[in-house]
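*Asks:* please find the sequence and the predicted model below.
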Amino acid sequence: MTRVHLDQTLVAHAELELPEPAHRHLIQVLRLRVGDTLTVFDGRGNEAPATLIAVEKRSSRIVLAAPTQPRVESPLHITLLQGVSKGDRMDYTLQKAVELGVTRIQPLTTQRSVVKLDAERWAKKRDHWQGVIASACEQSGRTRLPPLLPVAALEAAVTALPGAALKLALMPDQGVALRSLTPPAEGIVLLVGPEGGLSPAETDACRAAGFVAVQLGPRVLRTETAGVATLAALQALWGDWAA
């Protein structure tokens, strides 16, 4: 079933006009026609079956059936602090993190970050990442869009975190195994560095903020792999893969 994110209130029998990007994708790419069905979700936990009732060259309209609140979100509340990586590596990380149930995403700049942009280009990058997140929710069946926080420097981000969460920082040459930790009661924060890893000063800042160093075995994983692998392991240990 085709799924589309609409940032609107979903009400049974409501008739809604599709946003232009959704119209182009559904009509020009997927070739849907009047009478075809799809599912829409609002990104806040609600979704509803919908039927195309009008198709024009540049617009189309749908009518909604009764909304529901399916239980598809992970019981783990995980904030991913991800060092920004180059090109489609960051897109891959965001896409897979959403599929694996991440709750919130905080992109980080670090001392060894390869990506360095001005404010205008960061804003464009963030808009692009929002689209990646929405598409991943559409594909994976999620009903809630994980908030994407503005890009922040690592030191500022780690000091602004809530104190009760289990804070994990991936460090390939040191740290404990995930299975040795106690299951969290107040959520998880997972920090993954960029391509060049964390500097000694950043490692010290993480420890001062209460982070536990974690390693994923003897092999060094790339930044776009490390966070995804850890999220999968967390779901298997304590999340909705553990049942």
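*Replies:* Looks like it came in fine.
*Asks:* give me the most central residue, the chain.
*Replies:* Nearest to the centroid of the C-alpha atoms of the chain, with distances taken as C-alpha atoms, centre = their mean, sits residue 98, at 3.7 Å.
*Asks:* so what's residue 145 up against?
*Replies:* With contact set as C-beta atoms under 8 Å, 6 or more residues apart in numbering, residue 145 has these partners: 5, 43-44, 133-134, 137. To be clear about C-beta, it is placed using only N, CA and C from the backbone, and glycine gets the same treatment.
*Asks:* let me know the secondary structure of residue 40.
*Replies:* The assignment at residue 40 comes out as strand when based on DSSP: H, G, I helix; E, B strand; the rest coil.
*Asks:* my guess is it meets residue 68, correct?
*Replies:* No: taking contacts as C-beta atoms under 8 Å, residue 40 lies outside contact range of residue 68: 11.5 Å.
*Asks:* is it true that residue 191 lies in a helix?
*Replies:* No: under three-state DSSP, residue 191 sits outside any helix and is assigned strand.
*Asks:* about what we covered before: comparing residue 40 and residue 68, which shows the higher neighbour count?
*Replies:* When neighbours are counted by other C-beta atoms under 10 Å, residue 40 and residue 68 differ, and residue 40 comes out ahead with 23 against 15.
*Asks:* just to revisit the earlier point, distance of the residue nearest to the centre of the chain from residue 152?
*Replies:* Separation of residue 98 from residue 152 (C-beta to C-beta, to the nearest Å): 20 Å.
*Asks:* repeat for residue 7
*Replies:* When distance is defined by C-beta to C-beta, residue 7 is 24 Å away from residue 152.
*Asks:* check residue 230 too.
*Replies:* Residue 230 is 20 Å from residue 152, where distance means C-beta to C-beta.
*Asks:* what is the longest helix along the chain packed up against?
*Replies:* Among all segments of the chain classified by DSSP state H, the helix with the greatest residue count is helix 119-140. For helix 119-140, the helices and strands in contact under the criterion 3 or more C-beta pairs under 8 Å, 6 or more residues apart in numbering; DSSP states H and E are strand 3-5, helix 88-99, strand 104-109.
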